[in-house]
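Trainee: Need a 3D model of the sequence below.
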Amino acid sequence: MGATYPCALVCVELLIVAGCGGGGGSPTPPTPISVTVSPATAMVTAGGTQQFTATVSGASNTTVTWSVGGGAANGTISAAGLYTAPATAPNPSQVTVTATSQADPTKSGTATVTVVPPIGTVAVIPNSASLLPFTAQNFSVQTTNLSSSAVTWQVNGVTGGSQATGFISNGANPGLYVAPGGVPTIAMSGQSNPTTVTVTAVSQVNPSLSGSATVTITNGLAQNSTTFFGSSGGNQKDSMTSGMTTTCCSGTLGSLVTRGGAQYILSNNHVLAREDLGTPTNGTTPGDNVIEPGLSDINCGSGPFTIVANLAQFYNLETGTGAKIDAAIAQLTQTGAMDAQGRILYLGATTDSNNVPVPGAPHGGSGLAETGALVGRAVAKSGRTTGLTCSSVSSVSTTINVTYPKGCNANTEFNVQYVNQITLAGGQFSASGDSGSLVVTQDTADPVGLLYAGSDQDTTANPVADVLNYFQSGSNSMTFVGGATHAVIGCTLPTAPASVVAAVPLAAVPKEALQNAVAVRAVHESELLGYPAVQALGVGASQDRAGEAAIVFFMRKGAGRKGIPQEVDGVRTRIVEGEEFAKRGVLTAEQSEELEQAAARTAGGLTISDAEFLRAKTVHGARGEEWMSKPGVQGLGIGASGDSPGEAALMIFLIRGVAHETIPAVIDGVRTRVRESSPFVAGFDQVRARGGCSARVGGKK
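Mentor: Have a look, this model is predicted:
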């Protein structure tokens with residue numbers, strides 16, 4: 001027995017030594033179990049879902065049990081970690097999602113979820129529509145997750161719409177949209193081209209939410225087969241093929257004229273006679289076929305059309321003598337090929353049951369002569385592309401340079417300089433394809449001009465007197481087929497485009513120009529305020545020259561302007577008339593603008609007396625050739641000053657982007673008014689077809 005003790009002691013000692021030496025010993029303590037939830041935070045819409053994942057460390061068993069704090073009222077979560085928020089956001093909105101380790105239920109991880117109310121939506125039904133001018137379309141609203149479906153309707157961002165883009169009944173559901181009488185256009189690449197409009201419904205309970213629809217307005221009545229004038233048409237040969245691509249062109253069959261008992265279609269040379277390339281009647285062989293609709297509306301001839309006339313006569317654009325015109329006539333193939341009364345689409349004095357103007361004939365006869373009385377006269381036209389548009393005459397006796405291609409889509413171009421032309425205000429008055437339209441007065445439907453070219457800001461027309469005189473044959477005069485005088489009702493309807501040019505706002509004037517006007521006024525203010533009729537003296541935007549400042553005279557309406565200068569040290573002056581103005585003396589630019597708005601700014605549609613017209617015509621005759629030879633100048637006419645109502649102005653048409661001399665405020669005692677635009681180009685509509693399929697519609701104006 002005693003012998004065993006030492007052995008036991010030795011064994012103990014060996015164990016102690018081994019423990020101290022580190023060569024063996026007890027197992028390593030286990031790693032603590034932990035749980036992490038991803039994502040750690042989330043925002044979920046009421047009724048929505050969010051996928052969570054759990055990572056378990058420290059255990060071979062990585063399964064977890066999911067739960068939601070507060071129970072089902074705060075949502076549910078599946079065994080796979082898919083959280084579903086309650087249908088209604090809880091209060092408080094923050095919810096805790098927990099993942100508990102099954103290996104050790106004392107260990108868990110959490111994530112915080114913020115449940116937010118569902119995002120509302122607004123949808124406009126239908127989301128697109130195609131309409132004819134003057135026609136209507138109901139748009140309804142479908143909302144989700146909003147307490148009210150009440151909306152505010154807008155057209156192109158304007159509540160209730162506008163004359164140029166159409167109107168919509170505000171606050172109603174559905175909202176009734178009525179298309180404008182003319183197809184809206186936009187200036188692109190120096191051309192006026194048709195564009196779409198956007199109808200928008202803005203939620204009244206949450207204005208940050210809205211829905212919209214795109215509306216395409218096309219003059220389908222004029223682009224499809226019809227016997228009325230103001231419709232699509234052209235020369236059947238007006239196309240060009242290059243390789244696999246065919247390009248075709250057409251314009252507008254403007255009006256019906258008569259000579260010696262025969263009836264003819266009147267339009268442009270470049271619509272009916274292919275820029276001098278057409279073949280007219282030679283006495284035995286009929287001239288080129290004139291078709292309706294034109295090639296551009298029947299996929300370059302693959303669609304149905306009617307031969308309505310044969311080319312009879314045209315003014316040669318390159319070699320013609322006398323008063324230059326862009327005009328041609330085509331004799332009807334048979335009675336009834338076109339409307340025998342000469343009625344033009346939308347040009348009537350009444351409307352149909354849908355409130356769309358009916359076709360109407362112009363006032364028959366010889367039309368109106370080009371005189372000073374035409375300046376500011378309200379006019380209208382109905383054309384193939386834009387339908388009925390309304391504007392005013394901005395200048396007469398205008399010399400203008402116009403560029404033509406030598407044939408449809410030709411690379412060769414030539415220029416024609418016209419004299420004594422009429423220009424119409426506003427880029428939306430016409431677009432490519434409207435060439436050949438007859439321009440008439442709004443109040444009497446008297447023919448005024450034959451539309452043939454334009455820029456992105458203006459349109460030009462041949463005076464009808466020059467057109468009719470050219471086609472007179474011996475004792476057989478040419479006259480317009482039509483009826484009695486009547487108002488063009490379409491221009492008085494709520495959707496008719498405005499017939500005035502918008503006033504230039506103060507914001508459009510550079511700060512330096514305003515400062516210069518203030519400085520010049522300060523030098524002369526005692527003298528300028530000394531005129532008896534002047535109540536106040538301000539500074540503002542010139543209406544005759546965009547981007548220039550003017551010294552503004554606020555004067556009693558009807559008071560004499562004797563002594564009021566047209567310019568002061570190179571700064572233009574402007575006259576605003578009224579009764580008693582709220583402010584007197586020297587005004588700031590902002591105070592001037594307030595008074596101008598209160599006095600209702602005068603813009604567009606300005607008129608001048610015969611005496612003023614003759615005064616300006618004298619200067620135009622003496623200086624016209626000189627100014628037309630200057631760089632950047634493409635036209636010079638006689639219009640009315642926007643800075644001094646009733647006073648004539650020399651209208652100077654500049655090519656945008658081309659360097660030019662400084663335009664003085666006054667030339668030989670006559671104010672100047674500047675119009676800057678793309679070059680004037682003869683416009684027709686062209687379509688390219690490849691492999692029998694229409695590729696795109698383009699324009700040249």
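Trainee: got a list of what the nearest residue to residue 146 once chain neighbours are set aside touches?
Mentor: Spatial nearest neighbour of residue 146, excluding adjacent residues (CB to CB, 6 or more residues apart in numbering): residue 120 at 4.1 Å. C-betas here are computed from N, CA, C, even on glycine. Residue 120 makes contacts with 143-146, 203, 205-206, 209, as judged by CB atoms under 8 Å, 6 or more residues apart in numbering.
Trainee: Those residues in strands, which ones?
Mentor: In this view, the contacts of residue 120 that belong to strands under DSSP state E are 143-144, 203.
Trainee: Kindly reformat the residues you listed as a markdown table containing neighbour count and pLDDT.
Mentor: Below are those laid out as a markdown table (neighbours: other CB atoms under 10 Å; pLDDT from 0 to 100):
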| residue | neighbour count | pLDDT |
| --- | --- | --- |
| 143 | 21 | 93 |
| 144 | 12 | 89 |
| 203 | 22 | 94 |
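Trainee: which of those lies closest to residue 393?
Mentor: Distance to residue 393, by CB to CB, is smallest for residue 203 among these, at 44.9 Å.
Trainee: what residues are up against the closest one?
Mentor: Residue 203 neighbours (CB under 8 Å, 6+ apart): 120, 122, 143, 146, 148, 150-151, 209-210.
Trainee: what's the answer for residue 438, then?
Mentor: 229-230, 254-255, 266, 344, 362, 381-382, 447, 449-451, 480.
Trainee: Apply 7 Å and report the result again.
Mentor: 254-255, 344, 362, 381, 447, 450 (CB atoms under 7 Å, 6 or more residues apart in numbering).
Trainee: still on that earlier bit, mind putting the ones in strands among the contacts of residue 120 in JSON lines, distance to residue 55 included?
Mentor: Compiled in JSON lines, the ones in strands among the contacts of residue 120 are given as follows (distance: CB to CB, whole Å):
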{"residue": "143", "distance to residue 55": "42"}
{"residue": "144", "distance to residue 55": "37"}
{"residue": "203", "distance to residue 55": "43"}
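Trainee: Looking at those residues, which is nearest residue 586?
Mentor: residue 203 (47.7 Å).
Trainee: mind checking the longest strand of this protein?
Mentor: strand 387-405.
Trainee: Report the buried residues of that one.
Mentor: Within strand 387-405, the residues scored as buried using 16 or more other CB atoms under 10 Å are 387-402, 404-405.
Trainee: and the next element down the chain from that strand?
Mentor: Using DSSP states H and E, the helix or strand that follows strand 387-405 in sequence is strand 413-425.
Trainee: rewinding a little: now secondary structure too, for the contacts of residue 438, in a markdown table please.
Mentor: As requested, these are arranged in a markdown table below (DSSP: H, G, I helix; E, B strand; the rest coil):
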| residue | secondary structure |
| --- | --- |
| 254 | coil |
| 255 | strand |
| 344 | strand |
| 362 | coil |
| 381 | strand |
| 447 | strand |
| 450 | strand |
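Trainee: which pair in those spans the largest distance?
Mentor: Using CB to CB, those span at most 12.9 Å, a distance reached by 344 and 450.
Trainee: Could you check which of these two is surrounded by more residues?
Mentor: Taking neighbours as other CB atoms under 10 Å, residue 344 and residue 450 compare with residue 344 leading, 33 against 28.
Trainee: List the residues that contact that one.
Mentor: Residue 344 makes contacts with 228-230, 255, 359-362, 382, 438, as judged by CB under 7 Å, 6+ apart.
Trainee: just residue 175 next, same as before
Mentor: If a contact means CB under 7 Å, 6+ apart, then residue 175 has 139, 153, 168-169 as its contacts.
Trainee: Closest to residue 188 out of these?
Mentor: Using CB to CB, the contacts of residue 175 come closest to residue 188 at residue 168, 25.5 Å.
Trainee: Counting only strands, which of the contacts of residue 175 make the cut?
Mentor: 139, 153, 168.
Trainee: nearest to residue 215, of the contacts of residue 438?
Mentor: residue 381 (22.8 Å).
Trainee: Without its sequence neighbours, what residue ends up closest to that closest one?
Mentor: Leaving aside its sequence neighbours, residue 381 sits nearest to residue 437 (CB to CB, 6+ apart; 4.4 Å).
Trainee: For the contacts of residue 203, which single residue is the most surrounded?
Mentor: That'd be residue 151 among the contacts of residue 203, by other CB under 10 Å, with 27 neighbours.
Trainee: Just the local confidence number for that one, please.
Mentor: What the model reports as pLDDT for residue 151 is 94.
Trainee: I'd like the distance between it and residue 308.
Mentor: 48 Å (CB to CB, to the nearest Å).
Trainee: Please apply the same query to residue 379.
Mentor: 27 Å.
Trainee: And these two? Which one has more around it.
Mentor: residue 379 (26 against 22).
Trainee: Can you classify the nearest residue to the more buried one once chain neighbours are set aside by secondary structure?
Mentor: On the basis of CB to CB, 6+ apart, the spatially nearest residue to residue 379 that is not a chain neighbour turns out to be residue 439, at 5.3 Å. Under three-state DSSP, the three-state class of residue 439 is strand.
Trainee: Verify the contact between residue 439 and residue 382 for me.
Mentor: No. The criterion here is CB atoms under 7 Å, and residue 439 misses it with residue 382 at 9.8 Å.
Trainee: Who has more neighbours out of these two?
Mentor: residue 382 (35 against 30).
Trainee: which SSE is that one in?
Mentor: Applying DSSP H and E as the criterion places residue 382 in strand 378-383.
Trainee: got the contact list for that strand?
Mentor: Under CB under 7 Å, 6+ apart, the answer for strand 378-383 is 230, 252, 344-347, 388-393, 424, 430, 433-434, 437-443, 448, 451, 488, 491, 499, 605.
Trainee: re the thing from before, just put the ones in strands among the contacts of residue 175 in TSV and tack on distance to residue 663 and neighbour count.
Mentor: Shown next, in TSV, are these (distance: CB to CB, whole Å; neighbours: other CB atoms under 10 Å):
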residue	distance to residue 663	neighbour count
139	47	26
153	43	26
168	42	26
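Trainee: just those residues now: which is nearest residue 239?
Mentor: Nearest to residue 239, judged by CB to CB, of these is residue 139 at 39.6 Å.
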